[in-house]
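**Student:** sequence first, predicted model second:
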Amino acid sequence: MIRKKIVIEAIYGLGELIVQGAVTPDHYEVSKTDFAIAKRNVAQTIMLEKAGTKNKESKSFCCKTKLQKITDEQIITLAKNCCKTRKTLLLPARYGMGDRR
């Protein structure tokens, strides 16, 4: 089966909530042929952040919930890197990425 798209998901905060399935991430689909963003769904409503030595859930970022978590340029760059990795390893690629902005 040949897949024609790359799926990228993104959230604000620590990735633990996405692993637990406790948050719905933003969902982007990118065409492998021309790297056009074919689909986008902005969904996140809660995030996990570091509070001292513990993690705490936060809804204080509510003004950002309707915004894309990563830029179109970052989405396309990630998609291109996935294609390069796939060609090199001959295996599907799965990335985890952090950005401290």
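**Tutor:** Yep, it's here. Numbers count the residues shown, from 1 in each chain.
**Student:** what comes up buried for the host helix or strand of residue 56?
**Tutor:** Using DSSP states H and E, residue 56 sits within strand 54-58. For strand 54-58, the buried set under the neighbour-count rule, 16 or more other CB atoms under 10 Å, is empty. To be clear about C-beta, it is placed using only N, CA and C from the backbone, and glycine gets the same treatment.
**Student:** next one: stretch 21-40
**Tutor:** Buried-residue list, stretch 21-40, by 16+ other CB under 10 Å: 23-26, 28-30.
**Student:** what's the mean pLDDT across it?
**Tutor:** Stretch 21-40 carries an average pLDDT of 90.
**Student:** what of stretch 87-97?
**Tutor:** Per-residue pLDDT over stretch 87-97 has a mean of 66.
**Student:** repeat that for stretch 49-59.
**Tutor:** Stretch 49-59 comes out with an average pLDDT of 76.
**Student:** what sits up against that stretch?
**Tutor:** Contacts with stretch 49-59, where a contact means CB atoms under 8 Å, 6 or more residues apart in numbering, come from 13-14, 16-17, 45-48.
**Student:** ranges for the strands of this structure?
**Tutor:** Taking DSSP state E as the criterion, the chain carries its strands at 5-10, 26-31, 37-41, 47-51, 54-58.
**Student:** quick one: contacts of the third one?
**Tutor:** Defining contact as CB under 8 Å, 6+ apart, one finds that strand 37-41 is touched by 5, 26-31, 68, 72, 75-76.
**Student:** let me have these in a markdown table, adding distance to residue 54 as columns.
**Tutor:** Formatted as a markdown table, the contacts of strand 37-41 follow (distance: CB to CB, whole Å):
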| residue | distance to residue 54 |
| --- | --- |
| 5 | 38 |
| 26 | 26 |
| 27 | 29 |
| 28 | 31 |
| 29 | 35 |
| 30 | 36 |
| 31 | 41 |
| 68 | 29 |
| 72 | 34 |
| 75 | 32 |
| 76 | 36 |
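**Student:** so residue 17 is in contact with residue 45, correct?
**Tutor:** No - applying CB atoms under 8 Å as the test, residue 17 and residue 45 come out as separate, 10.6 Å apart.
**Student:** that's all I had, so thanks and see you.
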